[in-house]
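*Asks:* my questions are about this predicted structure, shown below with the sequence.
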Amino acid sequence: MKQNAYEMVTNRIIEQLENGVIPWQKPWSGTHSGAYNRISNKPYSLLNQMILKHNGEYATFKQWSDLGGKIRKGEKSEVVVFWKIQPFEEENENGEKVIKQIPLLRHYNVFHISQVDGVEPKEQLKISDLEPIEEAEKIKTDYMNREHLKIFEKVTNKAFYTPTFDYIEVPCKEQYQNIEEFYSTLFHEMIHSTGHKSRLNRSDMQGIVRHGSEKYSKEELTAELGSATLINMLGIETEKSFRNSSAYIQNWLQALKNDNKFIVSASSKAEKAVKYILNEQ
């Protein structure tokens, strides 16, 4: 039976989790250290970064052929997904016909440069001369000041964001063995804060207090994905050893197996949240 795009994505993420790989902990970034299109030079979306198997250059069969490349016999393609807006006609409550724009998830096939003969890889671009921790602090400060968001760093064993009072509380830097873990935790809560009704107004935030609910799980995965994206963008290495526990993996496996739109929805929201924090929306 032919799979739809949601099933393809979900099955690829499930496959990685079942092999003990946390796909959102992969070292991609918004630069050429992740997967990007050879022709446009643009990095693929967060979701595609998680499902593609390699870093570096990808292109379609035709794009490689146009460059003079030849896909080696027996090589298998990978899938890249994208949103296509489809007009859909329906009647409104007054009986009038209206056109709605419905986003549909579509896919196309790509090949990695390692599968191609006759094309030389591009030179890797240098990402940045900025100090990663300095840049992480700047992201925090810029966002906090722009959004008038209070962030309390104090001696505590809790990290949380409260939408009711719109503030973040995290354990202070001195409580972490690695400063990178502090920013991983902080970014997780900052992603939550983008869901506030005055910002991106994520519906999943309504269920954030109900642990175990589907909305809570989706919001948690959104925060995980968003935090990992920011960390990887900055080139900050984190241990995350506790995140690789079988209980953690089983939790996400169950959620994905129950809903094949779960990862697509969460990653889309995470990407918007990251752009919001970086003021790129």
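*Replies:* Alright, I've got the coordinates.

*Asks:* all contacts plus neighbour counts: C-alpha atoms, from now on.
*Replies:* Will do.

*Asks:* who touches the residue most central in space within the chain in this structure?
*Replies:* Nearest residue to the geometric centre of the chain (Cα atoms, centre = their mean): residue 46, 4.0 Å. Counting by Cα atoms under 8 Å, 6 or more residues apart in numbering, residue 46 touches 229, 267-268, 271.

*Asks:* export those as CSV, with columns for pLDDT, distance to residue 70 and secondary structure.
*Replies:* As requested, these are exported to CSV (pLDDT from 0 to 100; distance: Cα to Cα, whole Å; DSSP: H, G, I helix; E, B strand; the rest coil):
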residue, pLDDT, distance to residue 70, secondary structure
229, 89, 33, helix
267, 94, 33, helix
268, 93, 33, helix
271, 93, 34, helix
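
*Asks:* which of those lies closest to residue 13?
*Replies:* residue 267 (11.8 Å; Cα to Cα).

*Asks:* and the closest one, how many neighbours does it have?
*Replies:* 24 (other Cα atoms under 10 Å).

*Asks:* was I right about it contacting residue 222?
*Replies:* Yes - assessed by Cα atoms under 8 Å, residue 267 is found in contact with residue 222 at 6.2 Å.

*Asks:* tell me which stretches of the stretch 51-200 of the chain form helices.
*Replies:* 61-66, 132-147, 179-193 (DSSP state H, counting those that start in this stretch).

*Asks:* and the ones you listed, which is most packed in?
*Replies:* helix 179-193 (a mean of 23; mean count of other Cα atoms under 10 Å).

*Asks:* and the angle from that one to helix 132-147?
*Replies:* With axes from the mean of the first three to the mean of the last three Cα atoms, to 10 degrees as the basis, helix 179-193 and helix 132-147 are set at 20 degrees to each other.

*Asks:* mind starting the numbering at 19 from now?
*Replies:* From this message on, residue numbering opens at 19, which makes the last subject helix 197-211.

*Asks:* could you measure the closest residue to residue 188 other than its chain neighbours against residue 206, distance?
*Replies:* Leaving out its chain neighbours, the residue that sits closest to residue 188 by Cα to Cα, 6 or more residues apart in numbering is residue 177, at 4.3 Å. Applying Cα to Cα, to the nearest Å, the value for residue 177 to residue 206 is 9 Å.

*Asks:* quick one: contacts for the closest residue to residue 204 other than its chain neighbours?
*Replies:* Spatial nearest neighbour of residue 204, excluding adjacent residues (Cα to Cα, 6+ apart): residue 188 at 6.6 Å. By Cα under 8 Å, 6+ apart, the contact set of residue 188 is 169-172, 174, 176-178, 203-204.

*Asks:* residue 31: which of those is nearest?
*Replies:* residue 203 (23.1 Å).

*Asks:* okay, now the unreliable bits of this protein?
*Replies:* 19-20, 45-51, 142-148, 224-230, 255-262 (pLDDT under 70).

*Asks:* and the nearest residue to residue 197 once chain neighbours are set aside, what does it touch?
*Replies:* In this structure, residue 197 finds its nearest non-sequential neighbour in residue 191, 6.4 Å apart by Cα to Cα, 6+ apart. Residue 191 sits next to 171, 197, 200 when contact means Cα under 8 Å, 6+ apart.

*Asks:* any idea how far residue 191 is from residue 141?
*Replies:* 38 Å.

*Asks:* ok, and residue 274, which helix or strand is that part of?
*Replies:* helix 264-276 (DSSP states H and E).

*Asks:* that helix packs against which elements?
*Replies:* Using 3 or more Cα pairs under 8 Å, 6 or more residues apart in numbering; DSSP states H and E as the contact criterion, the elements in contact with helix 264-276 are helix 23-36, helix 280-295.

*Asks:* all set now, cheers.
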